[in-house]
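Novice: pasting the sequence and the predicted model now:
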Amino acid sequence: MAAYRLSFLSIPSAIAILMACHHPTKQAALAGPALLSLQLPAWAIADTSLRFDFPYDNPLTAEGAALGRMLFFEKALSADGSLSCASCHKQEFAFADSARFSPGMNSMRTTRNSMPLLNLAWDHFFFWDARALSLELQAFEPVTAHHEMASRWSEVGRRLAQDERYPPLFTSAFGDARIDSLRIAFALAQFERTMVSLDSRFDSYFYLKQRHALTPQEIRGKELFFTSAHCVDCHEPPLFKGHHVVNIGLDTVPIDLGMGGRTGMPWHLGRFKTPTLRNIAVTAPYMHDGRFATLEEVIDFYADDVFAASPTLDEHMLPWRKGEVRLSKQDRADLVAFLRTLTDSAFLSDKRFGPP
Ligand code: HEC
Ligand code: HEC
């Protein structure tokens with residue numbers, strides 16, 4: 001634990017603490033931010049697939065997460081002070097945006113649909129094209145992105161340092177009042193990791209064995225999802241996302257090259273992060289470009305319009321290539337009904353994730 005704490009401190013204070021270990025009167029110097037663990041329902045604690053470690057250099061602390069929450073709602077992060085992270089990641093939409101493309105600075109819009117923010121503690125890559133390999137690295141992008149917040153880090157640091165609320169918060173989270181991009185990103189990442197959503201009607205039914213939590217139609221939809229509709233092959237419970245970046249055959253010729261646009265590899269063309277389906281009923285519109293307005297349209301795509309001849313189609317889409325996925329009108333309605341059971345209404349209004 002001491003090793004964790006040292007990473008918050010400057011070298012001189014670290015040496016002071018090492019010396020303090022041999023000096024009983026200076027033990028108080030060890031008091032630092034308090035380690036926090038994620039609040040999970042009992043079934044999730046027991047689920048080995050939900051075990052994880054916080055990054056060694058950015059453990060979760062009460063003070064760090066509280067600072068991250070302030071920063072998430074802080075408009076001083078954007079060039080003209082009009083946008084915060086929460087402008088494009090709105091709690092009532094599971095921290096996604098109802099706009100297909102969100103308005104940013106310089107009268108520009110994002111080129112992709114905003115993503116929901118939940119259960120990110122378990123993810124290994126971020127953005128639709130998986131270009132950020134940690135939440136810490138992810139947080140660097142929006143602040144300076146020209147079409148998003150369009151700020152300069154030096155300016156953000158200056159503004160926060162002049163706001164009397166911030167220096168004490170940085171001190172309690174990181175040991176001194178220095179404000180820089182790394183600490184801002186670390187605090188944001190900590191707050192985002194606390195955003196756990198695992199309490200839906202599906203969870204009551206499936207994990208808590210409350211057999212009446214779902215209607216017969218929703219149970220039929222669940223059966224399809226887990227068997228012949230092959231949804232579970234990629235959107236895996238308990239998180240209902242996949243640790244894959246895949247091409248599901250949305251386009252004959254991908255307009256947005258996805259992962260391929262970043263790596264330049266032809267076999268990455270049209271590949272995108274497999275998003276979570278938790279809270280999917282409130283995160284419309286759907287897909288990386290928000291092309292589908294409703295869940296019905298999404299299901300119609302999976303039923304009728306998968307471009308199965310795509311050369312980079314994912315291997316998990318083999319049932320589509322073989323023409324095995326056939327969904328009747330009733331099946332489609334049942335699947336949509338099931339997807340709607342994945343909403344965690346408490347999460348959507350949980351004050352811990354609202355404006356500080
Ligand atoms: C102008 C709108 C906008 C603002 C402001 C914004 N975001 Fe985003 N966010 C997006 C969009 C759009 C994406 C998807 C972009 C892509 O994939 O290329 C995204 C993606 C993300 C992701 C990736 C989620 C995942 O599952 O991979 C995280 C995390 C995130 N944003 C956090 C933040 C934080 C933290 C801030 C504030 C520092 C912020 N965003 C500010 C629009 C915005
Ligand atoms: C091969 C893996 C794979 C399979 C199988 C699959 N999905 Fe997806 N799903 C994805 C990926 C990847 C995306 C994002 C694609 C994009 O935006 O380009 C996605 C997107 C979605 C979305 C929109 C999510 C959002 O936040 O916009 C929904 C809803 C969805 N899938 C439901 C389903 C259902 C229902 C099934 C079964 C009929 C299914 N998926 C089968 C990988 C898969």
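Specialist: Good, I have the coordinates. Ligands and ions are numbered 1, 2, ... in the order given.

Novice: now do stretch 319-339, average pLDDT.
Specialist: Regarding stretch 319-339, the rounded mean pLDDT is 97.

Novice: which residues are in contact with it?
Specialist: For stretch 319-339, the surrounding residues in contact (CB atoms under 8 Å, 6 or more residues apart in numbering) are 202, 215, 217-222, 224-225, 228-231, 233, 249, 277, 280-281, 295-296, 299-300, 302-303, 306, 308, 313. Heads up, the C-betas are built off the backbone N, CA and C, glycines and all.

Novice: again, only this time at 6 Å
Specialist: Applying CB atoms under 6 Å, 6 or more residues apart in numbering, the set of residues contacting stretch 319-339 from outside is 217-218, 220-222, 224-225, 230, 280, 295-296, 299, 303, 306, 308.

Novice: ok, and the most crowded of the residues you listed?
Specialist: By neighbour count, taken as other CB atoms under 10 Å, the most surrounded of the contacts of stretch 319-339 turns out to be residue 221 (27 neighbours).

Novice: not counting its neighbours along the chain, what's nearest residue 211?
Specialist: Using CB to CB, 6 or more residues apart in numbering and skipping residues adjacent in sequence, the residue nearest residue 211 is residue 205, 7.0 Å away.

Novice: remind me which helix or strand that neighbour belongs to.
Specialist: If you go by DSSP states H and E, residue 205 is part of helix 201-206.

Novice: which elements pack onto that helix?
Specialist: With contacts defined as 3 or more CB pairs under 6 Å, 6 or more residues apart in numbering; DSSP states H and E, helix 201-206 has no helix or strand neighbours.

Novice: recalculate using a threshold of 10 Å.
Specialist: helix 42-46, helix 216-226 (3 or more CB pairs under 10 Å, 6 or more residues apart in numbering; DSSP states H and E).

Novice: show me how far the first one is from its chain's centre.
Specialist: Averaging C-alpha positions (CA atoms, centre = their mean, to the nearest Å) puts helix 42-46 20 Å from its chain's average.

Novice: what's that helix in contact with?
Specialist: Helix 42-46 is touched from outside by 37-40, 50-51, 119, 196, 198-199, 203, 206-209, 238-239, with contacts defined as CB atoms under 10 Å, 6 or more residues apart in numbering.

Novice: for the longest one, same thing?
Specialist: Contacts of helix 216-226 with the rest of the structure, by CB under 10 Å, 6+ apart, involve 201-202, 205-206, 211, 213-215, 229-233, 235, 237, 240, 277, 299, 325, 327, 330-342.

Novice: buried residues, the helix holding residue 205. List them.
Specialist: Counting neighbours by 16 or more other CB atoms under 10 Å, one finds that the buried residues in helix 201-206 are 201-206.

Novice: got these as JSON lines, with pLDDT and distance to residue 65 columns?
Specialist: What follows is the buried residues of helix 201-206, written out as JSON lines (pLDDT from 0 to 100; distance: CB to CB, whole Å):
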{"residue": "201", "pLDDT": "98", "distance to residue 65": "28"}
{"residue": "202", "pLDDT": "98", "distance to residue 65": "27"}
{"residue": "203", "pLDDT": "98", "distance to residue 65": "24"}
{"residue": "204", "pLDDT": "98", "distance to residue 65": "27"}
{"residue": "205", "pLDDT": "98", "distance to residue 65": "31"}
{"residue": "206", "pLDDT": "98", "distance to residue 65": "29"}
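
Novice: lovely, talk soon.
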